[in-house]
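Chemist: A predicted structure for the sequence below; I have some questions about it.
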Amino acid sequence: MIKLEHVNKSFHNSKLAVRDVSFEVNTGETLILLGTSGSGKTTTLRMINRLIAPDSGEIHVNGEQVNAQQIESLRRNIGYVLQDNGLFPHYTVAENIGIVPTLLKWDKKRIEERTRSLMEKLHLSAADHYHAYPQQLSGGQQQRVGLARALAADPPVLLMDEPFGALDPVTRASVRKEFRTLDEISNKTVIIVTHDVQEAFELGDRICLMDDGAIQQLGTPAELLFQPANDFVSSFFHEQRFLLELNALRLADIRPWLDMSVPAESNGPVLHGDDSCWDALEQLTTLSAPVTISFEDALIRLDTSELMHAFTQYKQTVSGHGRTTGLS
Amino acid sequence: MPLLSISKLSADMEEQPGFPEFVQQQAGKLLEQTLQHIGLTFISLLIAVIIGVPLGILITRRKKLAGIVLGIAGVLQTIPSIALLGFMIPLLGIGAKPAIVALFLYALLPIIRNTYTGILQVDPTVIDAATGMGMSKKQLLYQVQLPLAMPVLLAGIRTATVINVGVATLAAYIAAGGLGEFIFGGIALNNSNMILAGAIPSALLAILFDWGIARLQKVRMQKVKTALYLLPFLLVILSSFYLLPAAYGTSLVAGFTPEFMGRKDGSLGLKQVYGLDMRTVVISDMIMYKAAYEKTLDVISGSTTDGRVKAFDLQALEDDKHIFPPYYAAPIARQETLDKYPELEPVLNKLSGIINDSIMTELNYRVDYQKQDPAAVASDFLKAKGLLQTARHGTKGTIVIGAKMFGDGYVLANIYKLLVNGYTDLEAVTKTGLGGTKIAFEALTNGQIDLYPEYSGTGLLVILQTNKAVVDTLISDKQKVYDYVSREFMQRYRIKWLPPVGFNNTYALMMRRQQAADLHITTITDLKEYLLHH
C-alpha cells in the first residue's frame, strides 16, 4: 500500500515540479501516473523510494512513513524498473536478477531457484541466457530481465518508470501483455509512470493524469474518458478518444442499452461481459456477421449497429449526469 | 713511419667491442639497473595509485574540488622532469626519495583524471538502478562504479607507467640509479653500446608494461573483480625490486658522474689501479658538489678548477698512483672555419697561456657559486687583462662557439665570444649547455658549432678511444698527449687544436676538508685503506 499526502517538490528554487499531490494505491492495485514530459510524474515516483526528497508532505509505504525507514532496506522492499533497464553490464543475467536477494543475504541456492523460476515465468530461457551478459540480449529480453530483477525479492511494492518506453511498438505490446498476465504482480501495489495513453488504459486499474506538477484527475479509465474533470483532461485524450472509449467500456457497461431479447445463434464466436466494446467491434468487422455475447444470466446476439447504438446511449447518459470523479 | 704505425694502431682500437659483448660484460650491472628501474617505476606508481584513486573517487562526490585537484595535478605534470627533480633536492636531498616523489607526482594526474572520468562515465541509469535497489554508497562504489570504471582507470595507470619508465631514466642524475646510468654515461663517454644498453631495456620495459596493462584492460568484465585485487599485489612485488640491489654498502658513499663511471682515468682506473671498492651512486655534476657539502655523499669525482671546490670547502685527495693525467684545456675548431676566416685564429690565440688554474677556479667560483652572469664574468676578466674591445657588430659571418654543460666551458665560451666580436668583423654566438663530450664533439664535426673548449685528455681517451698501450707511452707527459691529439684530430676530423689556454684541469677524488682531516685521509690509498678497515 502506498499513500501520498500533500507532497510538494521544487528544484533549484524554481517553480514547483510537484504540487500538492495526494493519492492512495491499494494492495493488488495498479495506478498509472500519466502525463507529458515535465508533468512531475517521474519526480513523484522517485520520491516514493526516496531517490528524491520531497520539500513537504508525507509519503507512506506499507503503512509506515518512508522517512522513518532505513533508506537501503526501504528500497530493497520496493521493486524498481527503469526505462533503460539499468542492468549491470558487468553482471550476467542471473547475477543481475540476484542483486537484491544478494543484498538481503539470501543463500545461494534460494537465489538460484528464484532466478530460474522468474526467468521461466518471463519467457527467458535459462539454458540460453542464465550466464549471458545483458548486451547479448535483445531489447525486449533486457526489459524482461529488468522486470525479473525488480520482482526477485518478491517486494510488496513495484515502481516502474516508463518500463516499456525504450521498446519498439511490437515488442512493447507483447512484453506489456506478458506483464499484465503475470501472477507475480496480482498481490502487489504497482505504480507505473508512462506518457503512453494506450499503455495507461491497458495496464491501469486507475489512472492519475498529471500536468504541470499537479493531479488533473484520478480515476478509472472510463471515468477519465466520460467524466473528465476539466478541459485539460478531455483534450488530453482527444486524438484517440474513440478508440480509447471503445477500449475502456466493457460489454457489461453498455448492457442496459442492449436489446436482451434477441436470442443468440448457436454458431460463431462468443464474447463475454468482461470483453471491451473494441473487442466486439473488431470481431464484427472481421466477420461481417453478428456475434454472440455470453453474460452470466443471458446469451444474446449482437450486430454492429446494435453495438454502436448502445455505446452512444451510454455516453449520452453518463455525460448527461455531469458527474465528475475528482480525487477519490 | 712511426706516425703511420700509431695511427694504424689507434684506428684498430677505435672499434669498440660489439653490443652483445658489452651486454655480456656488464650483465650484472644491467640487471641491477633494470631492477632499480622497475622498482623506481612501480614504487612511485603504487603510491600514486594509493593516493590518486581515492582522490579521484573523492572529487566525483565533491565536484567543487574536482577543478582544483585536477588543476594542481595538471600543473605538476607540466613541470619539466629534470626541473622537478631539481626542486626535490633541497627538500629531500639526493637518492631514491626525491626520485620516487617526482615520479609519483608525474603519475598522479593520469591516475586521478582517469579515476574521475572513469567513474563519471558509468551509465547514470545503472547508478540509478543500483541506488534504487538499495545499494549503500560503499556497495555502489565497489560493485558498480569501480568495476565499470576499471578499463578507464587501468588506461590511466597504463599512461602513468609508461611516463614513469621514461622519466625514471633521469633518476640517474640524482643518484637514484636505474637505466639512466648507462644512458647518460654512454652519452658522456661517446659509447654507443652503453647508451643502447640503457635505452633498449628501458624502451622494452615501457612496451612490456604497456602491453601487459593493455591485456589487463581487455579482460572480460566479470574477471575485473579479480584484476582489482591482483593489481596492488603485482605493484608491491614489482616495487620491491628496488630494495634488492641496495643490500650491500660501505661506511663512506661515493657519488660519481656518469662520465667518470666509465672512464679509464675514472672509476675503472680506481678499481684496477687502487683496488678501490666502495658504495657508489651515479649523480649529475650539477648537484654532486653540493651533495658532498651536505654530507649526502662523502667522496666525489670533482674537477680541480671547479669553483664549487672552493665554495664548499672540499679537499682533493692526492692521486698517489697517478691515474688522473693532467689535461690541457684548449679551444678546438673546424679547420674549414679557420680557413674561411683567417683572422679568427690569432684572435682566439690571444687567450693562450693567460688563464692559470687559480684564475680559472676563481672565474668558475663567481659563476657557479656566486651565480654571476658568465658574460659579465668574462667581460670583467678581459677588462682586467686589457683585452676588452667594444663589439664591432660585424656582419662578415657568424661563428658559433659551443661549450659543455659545466664549469669552465661557460666562461671560456663567453670570453671567446667577446674576443671575436671585439677584434673581428665576425658575429659570435654561444651555444652553451651541450650535454657531454659526445654531444659537443658531434655538434662540432657536423658543423653545428665552429669551436668549443676541450681537454687534451678527454680527446685522447673519450673521443679517440686510444688503446692502453699507446696511452701508457703518452700519459705521463701532457705535452705528448697534446701533440698526439692535435695530430690525430687534424688527420681524422680536420679539427685543429689551438694552443692551450694555460690551466690544467684534471679529475680528483674530493672529500669534505673536515672529514678528510678527521679520518686522516690525504691520498686515494689512504681512502682505500680506511675502507678496508671500516
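Modeler: Ah, there it is. Source: prediction; values computed, not measured. Numbering: from 1, shown residues only, chains lettered A, B, ... in the order given.
Chemist: what's the local residue count around B:His393?
Modeler: Counted with other Cβ atoms under 10 Å in any protein chain shown, the neighbours of B:His393 add up to 8. Heads up, the C-betas are built off the backbone N, CA and C, glycines and all.
Chemist: repeat that for A:Glu24.
Modeler: Taking other Cβ under 10 Å as the neighbour definition, A:Glu24 ends up with a count of 16.
Chemist: ok, it to A:Thr194 distance?
Modeler: 20 Å (Cβ to Cβ, to the nearest Å).
Chemist: for chain A, what's its nearest residue on chain B.
Modeler: With Cβ to the nearest Cβ as the measure, the residue in chain B that lies nearest chain A is B:Ala129; the distance is 2.9 Å.
Chemist: how about the nearest residue to the spatially most central residue of chain B, chain neighbours excluded?
Modeler: Compute the mean C-alpha point of chain B, and by Cα atoms, centre = their mean the closest residue is B:Tyr173, 4.4 Å away. If the residues on either side of it in the chain are set aside, B:Tyr173 comes closest to B:Ser284, at 3.8 Å by Cβ to Cβ, 6 or more residues apart in numbering or on different chains.
Chemist: pretty sure the one you found is touching B:Ala176, no?
Modeler: No - taking contact to mean Cβ atoms under 8 Å, the distance of 11.0 Å between B:Ser284 and B:Ala176 leaves them out of contact.
Chemist: just the helices in the stretch 401-534 of chain B please.
Modeler: With DSSP state H, counting those that start in this stretch as the definition, the stretch 401-534 of chain B shows helices at residue ranges B:408-423, B:437-445, B:456-458, B:468-474, B:478-493, B:513-518, B:524-533.
Chemist: and the third one, what's its mean pLDDT?
Modeler: Helix B:456-458 shows a mean pLDDT of 87 in the predicted model.
Chemist: quick one: contacts of that helix?
Modeler: Here helix B:456-458 makes contact (Cβ atoms under 8 Å, 6 or more residues apart in numbering or on different chains) with B:265, B:325-328, B:330, B:437, B:478, B:481-482, B:485, B:497, B:500, B:506.
Chemist: immediately after the helix or strand hosting B:Pro54, which helix or strand?
Modeler: Secondary structure from DSSP states H and E places B:Pro54 in helix B:27-61. Following helix B:27-61 in sequence order, the next helix or strand is helix B:63-78 (DSSP H and E).
Chemist: mind listing the helices for the stretch 201-328 of chain A?
Modeler: All helices of the stretch 201-328 of chain A, identified by DSSP H, counting those that start in this stretch, fall at A:221-226, A:231-236, A:241-248, A:277-287, A:304-321.
Chemist: deepest of those, which one?
Modeler: Mean neighbour count, computed with mean count of other Cβ atoms under 10 Å in any protein chain shown, is highest for helix A:221-226 among these, reaching a mean of 23.
Chemist: so how far is it from its chain's centroid?
Modeler: How far helix A:221-226 lies from its chain's middle: 15 Å, per Cα atoms, centre = their mean, to the nearest Å.
Chemist: helices of the stretch 151-300 of chain B, start to end?
Modeler: Per DSSP H, counting those that start in this stretch, the stretch 151-300 of chain B carries helices over the ranges B:180-189, B:192-218, B:224-239, B:258-261, B:267-269, B:285-293.
Chemist: ok, A:Thr102 - how many residues close by?
Modeler: Other residues near A:Thr102 come to 16 when the count uses other Cβ under 10 Å.
Chemist: isn't there a helix covering it?
Modeler: Yes - applying DSSP: H, G, I helix; E, B strand; the rest coil, one finds A:Thr102 inside a helix.
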